[in-house]
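Chemist: Provide a 3D model corresponding to the input given below.
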Amino acid sequence: MVQWSSSRSGYNTREIAGTHSMGGHLVLHDVRFLKYHPIDGWQFCLIDQYILDEQSPKHLVGDYESLACRDQANVELDLITDQP
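Modeler: Coordinates of the predicted model:
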C-alpha cells in the first residue's frame, strides 16, 4: 500500500504490486485506489510503473509514469509504520 498526501491536492491510498530484486531494485504499478480524496479541482490517476531503488531499508527513490494523467516524475517514498 502507498499513501499520497498533499495539503494542496488531497490524499489517496493505493494497492500496489510488482517485483523486488535482491539488490533493492523495485518495479511496481498501482492495482487500484483504496481511498480517493482529491481536493476540489484535482484528480489522481493510477501509476502504470514505478521504478525505485532502495536507498535505505525505509527509503525508496526513483521515477513513476502515469499514462492516464500524462505524468512522469521523480518520487521519494518513506516507510511509515504505526510501530516504533
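Chemist: what element comes up after the helix or strand hosting residue 60 heading to the C-terminus?
Modeler: Following DSSP states H and E, one finds residue 60 within strand 59-66. Next in sequence after strand 59-66, counting helices and strands by DSSP H and E, comes strand 71-78.
Chemist: May I have that following strand exported as CSV, CA atoms only?
Modeler: What follows is strand 71-78, C-alpha atoms only, in CSV (Å, rounded to 0.1, in the frame of the first residue of the first chain):
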residue,chain,number,x,y,z
ASP,A,71,2.5,12.4,-15.9
GLN,A,72,6.1,11.5,-15.2
ALA,A,73,8.0,12.5,-12.1
ASN,A,74,10.7,11.7,-9.6
VAL,A,75,9.5,10.3,-6.4
GLU,A,76,10.8,9.5,-2.9
LEU,A,77,8.9,7.2,-0.6
ASP,A,78,9.4,6.7,3.1
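Chemist: I'd like to know which elements it is packed against.
Modeler: Counting contacts by 3 or more C-beta pairs under 8 Å, 6 or more residues apart in numbering; DSSP states H and E, strand 71-78 packs against strand 49-56, strand 59-66. The way it works is simple: take the backbone N, C-alpha and C, and place the C-beta from them, glycine included.
Chemist: and these as JSON lines, adding mean pLDDT and mean neighbour count?
Modeler: Shown next, in JSON lines, are those (pLDDT from 0 to 100; neighbours: other C-beta atoms under 10 Å):
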{"stretch": "strand 49-56", "mean pLDDT": "94", "mean neighbour count": "16"}
{"stretch": "strand 59-66", "mean pLDDT": "95", "mean neighbour count": "16"}
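Chemist: For residue 39, which of those is the nearest?
Modeler: Among the helices and strands packed on strand 71-78, the nearest to residue 39 by C-beta to C-beta is strand 59-66 (18.2 Å).
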